[in-house]
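*Asks:* The following block contains a protein sequence and its predicted model.
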Amino acid sequence: MHLGILTLHLQIPGAESLKDKRHAVKSLTNRLHNKFNISAAEVAELEIWQRAIVGVAMVSNDARFTNKALSQVVNFVENDYRVILDDYHIELLAVGEGTVPEFDPTDEALDPVVASWFTETPA
């Protein structure tokens, strides 16, 4: 399984209030979700009128497909007249067999209460 994470740094030059900004960001995230079937949300710079950082996430079984789809999201945002794309970052993560360390409940660094969740048998 491949997880793609895209971070978009945006300017919203037409925003004259937080309400204007939130309307523009909400409109953009809804259009991204509908067009690309991805998850998108404003994740930072929430109180700055003309700036936003939007996080986008996508899961698929093919890393190349994920990278291509997120690149298409970037192109879509670049062509949106309501926002200016200052910067973006794409990160791809492989998740699944062999990529997650095995859980060891005897690990001394583990919180004893948490370790007990995995070692005690239900009554």
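*Replies:* Nice, I can see it. Numbering: from 1, shown residues only.
*Asks:* what are the ranges of the helices in this structure?
*Replies:* Secondary structure of the chain (DSSP state H): helices at 18-36, 63-78, 112-119.
*Asks:* As TSV, those with distance to Leu92 and mean pLDDT would be great.
*Replies:* Heads up, the C-betas are built off the backbone N, CA and C, glycines and all. Formatted as TSV, the helices of the chain follow (distance: least, C-beta to C-beta, whole Å; pLDDT from 0 to 100):
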stretch	distance to Leu92	mean pLDDT
helix 18-36	16	89
helix 63-78	6	89
helix 112-119	30	56
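*Asks:* Dump these to JSON lines, plus distance to Leu10 and mean neighbour count.
*Replies:* Shown next, in JSON lines, are the helices of the chain (distance: least, C-beta to C-beta, whole Å; neighbours: other C-beta atoms under 10 Å):
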{"stretch": "helix 18-36", "distance to Leu10": "8", "mean neighbour count": "16"}
{"stretch": "helix 63-78", "distance to Leu10": "7", "mean neighbour count": "16"}
{"stretch": "helix 112-119", "distance to Leu10": "39", "mean neighbour count": "10"}
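*Asks:* between the ones you listed, which one is nearest to Trp49?
*Replies:* Of all the helices of the chain, the one in closest proximity to Trp49, counting by C-beta to C-beta, is helix 18-36 (5.3 Å).
*Asks:* just to revisit the earlier point, relative to Leu93, which of the helices of the chain is closest?
*Replies:* Comparing those by their distance to Leu93 (C-beta to C-beta), the top pick is helix 63-78, with 9.3 Å.
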